[in-house]
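S.K.: Show me how the following folds:
(one chain, ligands or ions: 1)
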Amino acid sequence: MDVYRKELAETKKELDSISVEIDSLLQRQASLQQRKTELDSILRQSSSKSDDNDKKWDKQDFVWSNNLLEKMGSVFNIQTLRPMQLQTMNVTMSSKDCMLIMPTGGGKSLCFQLPALLSKGITLVVSPLVSLMEDQIMVLEKYGIDATKLDASASKEKVKAVQEAMLDKNASLKLLYVTPEKLAKSKRFMAKLEKMYQAGRFSRLVIDEVHCCSQWGHDFRPDYKFLGIMKRQFPEVPILGLTATATTKVLEDVKKILNIPNCHLFKASFNRPNLFYEVKVKPSAFKETISEMVELIDKRFRNKSGIVYCFTQKESEEVTKELRQHGIKAGCYHANIPTKQKSQIHEMWLADKILVIVATVAFGMGIDKPNVRFVIHHSISKSMENLYQESGRAGRDDQRSDCIVYYRFADVFKQSTMVFTEQTGLDNVYGVMSYCLDISKCRRASIARHFGELWDKSQCNKMCDHCNKDTEGEKRDVTKLGKNVLTIIDQASATDQRITALKLLDAWEGKGAGSLKVRGLDPPKVSRDKLERIIGHMLLQGFIREDFHFTPYNTISYLVAGAKANFLKSESAKLAVEFLNKRRSLPTQNSNTHTSPSSQSDHKPLAKQSDTKLKLVVINSENSKFSNFTGTSIQGENDLTKTKKSGKFKRKKPVIDDSDSDDLDFGEEFKRKPAVKKKSSRDTRYSEYEPIGTSHNNDYLNSESLNGNLCKHQDAESGNDSDVIIENVGKSKAIMIDSE
Ligand SMILES: Nc1ncnc2c1ncn2[C@@H]1O[C@H](COP(=O)(O)OP(=O)(O)OP(=O)(O)O)[C@@H](O)[C@H]1O
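M.R.: Numbering: from 1, shown residues only. Model prediction:
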C-alpha cells in the first residue's frame, strides 16, 4: 500500500507541476497573441500607407484643390500644410470616412475647418468640452468664419436661429459645435439633423477626441457611444474622427462603434522631435521634491513658461504656494477655482505674466500656447495616453522643450485606487509605471510601442534621458527576493491581516507591525528603492496584485498573491528585474545634442536617481602626471589614489558592485558579469562618484569639468570612505587623488 501511496503523491505532484506549466504556457500564449495582433496591425498600417493611400490623397489636382490652397493662405494665413493635413482634407472632401491620429498641437482643427469653408451646407462638430468649442469659435470668428455652438446654455432664440440656418441654403453658418450629450439626449435636435440631411445641407460629421467612444480608451464618455447610430441615420455624411492618442485596440473599437470599418486611417507620427523626455525619481519628502523642482526651474527654465501637473487640487495648491515662496511666478488651476479666476490665470499665463501654471488635469484640452518650454509631472499620470497628451502641451512652436516626470512608487497606488473601477484603469496606470521603471530603453521607443508605431530608436537623436545618457540596464535574477515578498503576503493572509505596499516594505525591512514580520526572514541588504522596484515589477508581471477595499473615507490598495504567484514559488518562473549597470559611461562632449542654450549646461545626469547613485571614479588619464602609472582599465592594477591619512599614493581596487546589493541573487540566466578587467573606451570614461557640494549638473557632460570636485570614495578592501579630489581629467578620462 505504501508503494501506491507514494506513487499517488508523486503523481499528484507531477500533475500539479504540469498544471503550473500549462498555466504558464497559456499566459505566454495570450501575451504573444496580443503582441502578434499589434504587430499585424502595425504592418497592415505601414503597408497600406506605402500602398496608394498616401500618394493618392496627396495630390493637388482635385476639383477643390485650388480653392483649398487659396483659402488656406487668405483665410487661415497658413503657407504650407503639415504631414497628413492635405491627405485628410482630400479624403473628407471626397465624402469618404476618415480617422486622423495626430499629436497634440499637430493641426487637426484645420483638417475640418478648411473643408467646412469649401463645402456646401454645415459641418457638425462633436466636441467633448464646451470650453474647447468656445476657444475654437473665438478663433474662427477672428478668421471671419461663421461658427456657433448649441449647448444647454443656449437661449430659445439662439436655438431657433440655428435651426433655421440648418435648413436655409443661403445661411452663412459653416460650423455647428455640439456636445455628444446634446446628440444623445435631444430627439428634437436629431429630428432637425434629419431635415438638414434631407435638404442636402449636412456636409460632414466631425468627431473630436474620437477615442472617447471606446471604453478601452483613457477618456471613455458613455454618450460618445451614441454616435454609433449616425452612420445608419446619415449614410451619405462622411465622418471625420480626430484624436491625438489612440492605441491600435482603441482604433479598431472606434471603427466598429462608429460603423466605419473601411474608413481611411491617417496616422501622423507620435514623434515630436523637439520634446526631450525624462523621468526623475521623486524624493519621498514633499519639501525635497519642491527644492529639486525649484532648482530645476531656476537652472534650466529660468523665465521660461511651463506647466506642472499635480495629482489633486490640494497638491496643486501646495505646490503653487511653495513655488511662489521660492520666487517663481506660479498660478494655480483646478476645477474648483472660480471660473473667472481660472480665466484670469490662463490669460496671465498666455501673456507670460505668470510663468508656471500648477494644475490638475482640469487644465487640459484646448491649450494652445506655443512657447511652453516644460511640462513637469509632479505625480504620474493615469495612463500613457494622458502622459503623452499632457506632456505634448510643451513645444507647440517646434522649439526644444522638456517633458519631465517625477516618479515615486507610492504615487502608483494613489492613481490605482482612483481608476481601478475603469475597464482598463489598472492596465493604464501600470503602463505608466512600466515607462517610469524602465532604466535603459529609449523613451520614444516605449511610447511608440504603446501607440503601435514602428520606431527606429536611432531617430530619438538623444532627445530622451536614456539615449542621452547612454545608461545600461542589467537584468538580475531576484527570484529569491520575490519569493520573500510572497512569503510575507502569504503569512499576512494566513493570519487574516491585510498588507499595503508600505507595510510590506516595512515588514520586509524588519520594521513596523510585528505581526507582519516573518520569523526567520532576514531583512534584505538591498536599498528601499530597489525593493520598491522589485515589488513594482512583481505587480507588472502578475506575481502579486492589488486588492481594493473601501472605507467610508477612501479606497485602500492591499497587496495579495497574483495569478502567477505559484509559478514563482515553484520556481517555474523567474523574476528578473533590470537594475542600472554601474558601468555607465559619461557622455563625451559631443554626445550632447541639446539645442537650447539652457539645456546645454543645465541638464542633470541621472546620478541623483536612487538606482544610479554614483560611487566610483574612473582613474585614468593619458595627460596626467601619473600617466606612467595608470593603466587603461578601471580595474587596472595601476589605478592610483592617494589616501587621506598618509598622503601617499596607494593602489586601490575600484568598487564595481553595489554595496547594498549583496542580497541580489544572480541566477544562471542573468548572472552578473564579474568585475573583470575590461579594456574599453567606455570603462575609461566611467564614473560612479557623487561629487560632494556640487549638484548633479551637466558638468558631467564635459568630463574635464570634473576636475576639482570633491568626491567620496569607498575603498574596496577596507570599505572605508575617504574624500578625494578629481584632478587631471582629460576630455574623457579621469584621475582622482586625495583631498589632502
Ligand atoms: N499647416 C500649418 N502651418 C502652420 N501652423 C499650423 C498649421 N496647421 C495648424 N497650425 C497651427 O498649429 C496650432 C495647433 O493646431 P490645432 O489647434 O489644430 O492642433 P490640434 O492638433 O487640434 O491640437 P490639440 O490636440 O491640442 O487640440 C494652431 O495654432 C494652428 O493655427
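
S.K.: Tell me which residues are up against stretch 345-358.
M.R.: 297, 303-308, 310, 316, 319-320, 323, 328-333, 337, 363, 369, 378 (CB atoms under 8 Å, 6 or more residues apart in numbering). Placement of C-beta: from N, CA and C, glycine included.

S.K.: Which ones among these also lie next to the ligand?
M.R.: With CB under 6 Å from any ligand atom as the criterion, the contacts of stretch 345-358 include none near the ligand.

S.K.: Of those, keep whichever come out buried.
M.R.: Taking 16 or more other CB atoms under 10 Å as the criterion, what is buried in the contacts of stretch 345-358 is 297, 304-308, 310, 316, 319-320, 323, 328, 330-333, 337, 363, 369, 378.

S.K.: among the contacts of stretch 345-358, which are in strands?
M.R.: Of the contacts of stretch 345-358, the ones assigned to strands by DSSP state E are S305, G306, I307, V308, A330, G331, C332, Y333.

S.K.: between those residues, which is nearest the ligand?
M.R.: Distances from the ligand to the ones in strands among the contacts of stretch 345-358, taken as CB to the nearest ligand atom, are shortest for I307 (13.0 Å).

S.K.: what stretches of the stretch 451-600 of the chain score poorly on pLDDT?
M.R.: For the stretch 451-600 of the chain, applying pLDDT under 70 flags the ranges 470-471, 582-600.

S.K.: residues contacting the residue in it that the ligand sits nearest to?
M.R.: Among all residues of the stretch 451-600 of the chain, F451 sits closest to the ligand, at 14.5 Å; criterion: CB to the nearest ligand atom. When contacts are counted by CB under 8 Å, 6+ apart, F451 is found next to T245, A246, T247, F270, Y388.

S.K.: and if you look at R82?
M.R.: G106, G107, A268.

S.K.: Now which of those would you call buried?
M.R.: G106, G107, A268.

S.K.: Next, the first one: secondary structure please.
M.R.: By that I understand G106. The assignment at G106 comes out as coil when based on DSSP: H, G, I helix; E, B strand; the rest coil.

S.K.: Am I right that it is in contact with A268?
M.R.: Yes: using CB atoms under 8 Å, G106 is in contact with A268, at 5.5 Å.

S.K.: Can you pull the residues that touch both of these two?
M.R.: R82, M84.

S.K.: What mean pLDDT does the helix or strand where V279 lies get?
M.R.: V279 belongs to strand 275-281 when elements are defined using DSSP states H and E. Across strand 275-281, the average pLDDT comes to 96.

S.K.: Please spell out which residues along that strand are buried.
M.R.: Buried residues in strand 275-281 (16+ other CB under 10 Å): L275, F276, Y277, E278, V279, K280, V281.

S.K.: ok, these vs R5, which is closest?
M.R.: Nearest to R5 out of these is V281 (CB to CB; 55.1 Å).

S.K.: how near is the closest one to the ligand?
M.R.: Separation of V281 from the ligand (CB to the nearest ligand atom, to the nearest Å): 30 Å.

S.K.: What of K56?
M.R.: 21 Å.

S.K.: Same question for K156.
M.R.: 31 Å.

S.K.: where do the helices sit along the stretch 301-450 of the chain?
M.R.: 313-325, 339-350, 384-391, 409-419, 425-437, 443-450 (DSSP state H, counting those that start in this stretch).

S.K.: ditto for the stretch 101-250 of the chain
M.R.: 110-118, 130-142, 156-167, 180-185, 187-198, 230-233, 248-258.

S.K.: just to revisit the earlier point, could the helices of the stretch 301-450 of the chain be laid out in TSV, adding mean pLDDT?
M.R.: Output for these, formatted as TSV (pLDDT from 0 to 100):
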stretch	mean pLDDT
helix 313-325	96
helix 339-350	89
helix 384-391	92
helix 409-419	93
helix 425-437	94
helix 443-450	90
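
S.K.: Most tightly packed of these?
M.R.: Of all the helices of the stretch 301-450 of the chain, helix 384-391 has the most neighbours on average by mean count of other CB atoms under 10 Å, namely a mean of 24.

S.K.: I'd like to know which elements that helix is packed against.
M.R.: With contacts taken as 3 or more CB pairs under 8 Å, 6 or more residues apart in numbering; DSSP states H and E, helix 384-391 sits against strand 372-377, helix 425-437, helix 443-450.

S.K.: Around Q399, how many other residues sit close by?
M.R.: If you count neighbours by other CB atoms under 10 Å, Q399 ends up with 14.

S.K.: Residue numbering should commence at 101 henceforth.
M.R.: Sure, I'll start counting at 101 from here, so that last one is Q499.

S.K.: I figured it hits N374, correct?
M.R.: Yes: with contact defined as CB under 8 Å, Q499 reaches N374; the gap is 6.1 Å.

S.K.: And the closest residue to A435 other than its chain neighbours, how close does it get to G525?
M.R.: Nearest residue to A435, sequence neighbours excluded (CB to CB, 6 or more residues apart in numbering): A462, at 4.3 Å. From A462 across to G525, the span is 19 Å (CB to CB, to the nearest Å).
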